[in-house]
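Student: Just the structure for this:
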Amino acid sequence: MLHLPPGPSRRWRLVALGAAGALGGIVVAVAGGTATAAAGGIAVVAVTTSLLGRVGGGVSALAGLAAARYALGWPWIDVAALGLASLAGIVGIGMVLRRLADARRLAAEAANRAAALQASEARFRGLLEGAPDAIVISNAEGRIVLMNAEAEALFGYPREALVGGPLDALMPERFRGRHAAHVRAYLARPTTRRMGDGANMFGLRRDGGEFPIETNLSLLSDHGEGLVTSVIRDLTQRREIQEREALLIRELNHRVKNTLASVQSIVTQTLRSAPTPEAFSAAVHTRIMALSKSHDVLTRNDWAGATVADIVAEQLKPYDRDGAPFSLDGPPVLLRPNRAVTLGMAVGELATNAAKFGALSTGGTVAVAWSVAPGSDGPVLRLVWSEAGGPPTAEPAHEGFGTRLVKRSLAAGLHGSAELTYATEGLIAVLQFPLVEGEG
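Tutor: From the prediction side, this is the model:
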């Protein structure tokens with residue numbers, strides 16, 4: 001039995017189906033050679049009215065068929081044939097309409113699925129292209145099927161040159177023989193894993209340059225082709241930072257040992273020359289502060305070295321007054337860290353002596369001038385410390401620890417010399433030492 005949904009449109013659809021069924025009955029009658037226009041009209045009325053109600057429709061349908069029997073003089077078998085043909089036409093049209101409705105529904109569902117697929121693909125490509133790391137997707141045969149812009153930038157290839165080609169083109173030759181076995185082993189147990197720490201994995205750029213990498217591997221979900229996603233990260237900068245940190249740690253250990261040795265020497269020598277515990281304490285404090293100030297200059301420059309001007313200014317800073325008790329003059333000359341500390345200790349000793357016994361103790365002045373001149377083995381720095389306006393000076397009967405510190409620092413730490421002259425107007429110290437590679 002044909003079922004149509006209820007509602008206002010049902011009656012009109014049934015009328016149309018009845019008309020179509022009646023036409024089918026007329027065709028049958030024509031085929032029998034006994035059709036007339038009256039028979040067609042009666043058939044239309046009979047079939048149509050049969051669809052306009054359920055109980056009354058059945059009665060009117062029988063009445064219409066009986067009218068056709070007596071009006072046309074047909075035998076009952078012909079009338080039954082007309083009714084069956086009309087019913088078959090109605091059922092056929094209903095099936096066609098049902099199929100059309102199903103087709104429209106399926107088409108709508110397919111369109112929705114296509115739109116959802118396009119939106120999903122757009123989101124995937126957006127994530128792929130927006131990723132901060134290089135991403136390369138390859139199949140089970142180890143061939144590249146997709147890559148992002150970061151991968152192009154990292155390896156130096158346009159994606160058109162790589163897609164479809166072997167993934168091992170992005171790795172040095174020495175790793176390619178083992179790559180296929182690694183792919184098979186991974187596909188046998190596909191889990192997200194990290195490979196390489198920069199020590200045993202390298203990428204190969206288009207220009208032939210190698211660089212350390214690490215790769216995170218994962219299998220694309222809901223995909224039956226064995227597509228493997230490789231997230232590749234360049235470790236060059238990380239390796240450089242690690243190497244620099246290791247170098248700094250080694251340098252720090254070296255400097256700490258040197259500093260402790262310097263402190264030990266200062267304490268030992270000061271203890272030998274100090275007449276009282278109070279003098280010893282004051283001298284040790286002053287000399288360790290001079291060492292600390294040299295380190296301050298280097299720290300501001302990340303231990304890359306220090307200029308002569310900064311070294312001298314830092315040691316004289318505690319004695320700075322409004323009347324400008326000292327002056328500095330000389331070209332910019334950069335010294336290596338260890339040599340900067342040595343010069344700082346020598347200048348600090350001169351400044352301490354000037355503050356206690358020399359020009360800085362009575363409101364005098366200190367002038368420090370330096371220059372660079374050619375020497376037999378390379379450039380030589382000459383620094384002159386001149387005091388004026390202080391008490392009269394005289395050469396001491398015994399060389400104190402401060403004088404020995406200045407001379408030994410120049411000789412041992414800078415391979416130079418220190419000459420101290422106790423002039424009437426004040427102390428004059430001439431420090432000379434050769435500059436080494438990277439200084440000047």
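
Student: Tell me where the stretch 101-250 of the chain has strands.
Tutor: Here the stretch 101-250 of the chain has its strands, by DSSP state E, counting those that start in this stretch, at 134-138, 144-147, 193-195, 202-204, 210-219, 228-234.

Student: Direction included, what does the last one pair against?
Tutor: Next to strand 228-234 in the sheet, as set by DSSP bridges, lie strand 134-138 (antiparallel), strand 210-219 (antiparallel).

Student: what about residue 229, neighbour count?
Tutor: Residue 229: 17 surrounding residues under other C-beta atoms under 10 Å. Quick note: C-beta positions are derived from backbone N, CA and C, even for glycine.

Student: Bridged to it, which residues?
Tutor: residue 137, residue 218.

Student: Compile the strands of the stretch 101-250 of the chain into a markdown table and extend it with columns for mean pLDDT and distance to residue 100.
Tutor: Below are the strands of the stretch 101-250 of the chain laid out as a markdown table (pLDDT from 0 to 100; distance: least, C-beta to C-beta, whole Å):
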| stretch | mean pLDDT | distance to residue 100 |
| --- | --- | --- |
| strand 134-138 | 88 | 43 |
| strand 144-147 | 89 | 41 |
| strand 193-195 | 64 | 54 |
| strand 202-204 | 90 | 58 |
| strand 210-219 | 86 | 44 |
| strand 228-234 | 87 | 45 |
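
Student: can you redo these as CSV with distance to residue 402?
Tutor: CSV is the format used below for these (distance: least, C-beta to C-beta, whole Å):
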stretch, distance to residue 402
strand 134-138, 62
strand 144-147, 70
strand 193-195, 60
strand 202-204, 57
strand 210-219, 53
strand 228-234, 55
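
Student: Just tell me which of those ends up closest to residue 119.
Tutor: strand 144-147 (18.2 Å; C-beta to C-beta).

Student: other SSEs contacting the closest one?
Tutor: Under the contact definition 3 or more C-beta pairs under 8 Å, 6 or more residues apart in numbering; DSSP states H and E, strand 144-147 sits against strand 134-138.

Student: ok, 10 Å please
Tutor: helix 76-130, strand 134-138, helix 149-155, strand 228-234 (3 or more C-beta pairs under 10 Å, 6 or more residues apart in numbering; DSSP states H and E).

Student: Going by mean pLDDT, which of the ones you listed comes out lowest?
Tutor: Ranked by mean pLDDT, these bottom out at helix 76-130, with a mean of 71.

Student: Identify, out of the helices and strands packed on strand 144-147, the most deeply packed stretch.
Tutor: Of the helices and strands packed on strand 144-147, the one with the most neighbours on average (mean count of other C-beta atoms under 10 Å) is strand 134-138, at a mean of 22.

Student: how far does that strand sit from the chain's center?
Tutor: 15 Å (C-alpha atoms, centre = their mean, to the nearest Å).

Student: got the contact list for that strand?
Tutor: 127-129, 144-155, 159, 162-163, 165-168, 170, 183, 203, 213, 215-216, 220, 223, 226-234 (C-beta atoms under 10 Å, 6 or more residues apart in numbering).

Student: how about a cut-off of 7 Å?
Tutor: Contacting residues not belonging to strand 134-138 are listed as 128, 144-148, 150-151, 154, 167, 227-232 [C-beta atoms under 7 Å, 6 or more residues apart in numbering].

Student: Among those, which one lies nearest to residue 300?
Tutor: Distances from residue 300 to these, taken by C-beta to C-beta, are shortest for residue 154, at 36.8 Å.

Student: residue contacts, the closest one?
Tutor: 134, 232, 234.

Student: Quick check, the last one in contact with residue 210.
Tutor: Right, residue 234. No: in this structure, residue 234 is not within contact of residue 210 by C-beta atoms under 7 Å, at 11.2 Å.

Student: Residue 299 belongs to a strand?
Tutor: No: counting by DSSP: H, G, I helix; E, B strand; the rest coil, residue 299 is not found in a strand; it is helix.

Student: how close does it get to residue 246?
Tutor: Distance from residue 299 to residue 246, counting by C-beta to C-beta, to the nearest Å: 20 Å.

Student: before we move on, what about residue 282?
Tutor: 40 Å.

Student: Same question for residue 274.
Tutor: Counting by C-beta to C-beta, the separation of residue 274 from residue 246 is 41 Å.

Student: Give me the neighbour count for residue 156.
Tutor: Other residues close to residue 156 by other C-beta under 10 Å number 13.

Student: ok, the residue nearest to it when sequence neighbours are not counted to residue 170 distance?
Tutor: Nearest residue to residue 156, sequence neighbours excluded (C-beta to C-beta, 6 or more residues apart in numbering): residue 206, at 3.6 Å. Computed as C-beta to C-beta, the residue 206 to residue 170 distance reads 10 Å.

Student: Look at these two and report which has more neighbours.
Tutor: Neighbours were counted for residue 206 and for residue 170 using other C-beta under 10 Å; residue 170 has more, 25 against 14.

Student: so the more buried one touches residue 201, yeah?
Tutor: No: using C-beta under 7 Å, residue 170 is not in contact with residue 201, being 11.2 Å away.

Student: thinking again about what came up before, could you name every residue contacting both of residue 206 and residue 170?
Tutor: With C-beta under 7 Å, 6+ apart, residue 206 and residue 170 have common neighbours residue 155.

Student: Ok, which of the strands of the stretch 101-250 of the chain comes nearest residue 95?
Tutor: Of those, the one closest to residue 95 (C-beta to C-beta) turns out to be strand 144-147, at 46.0 Å.
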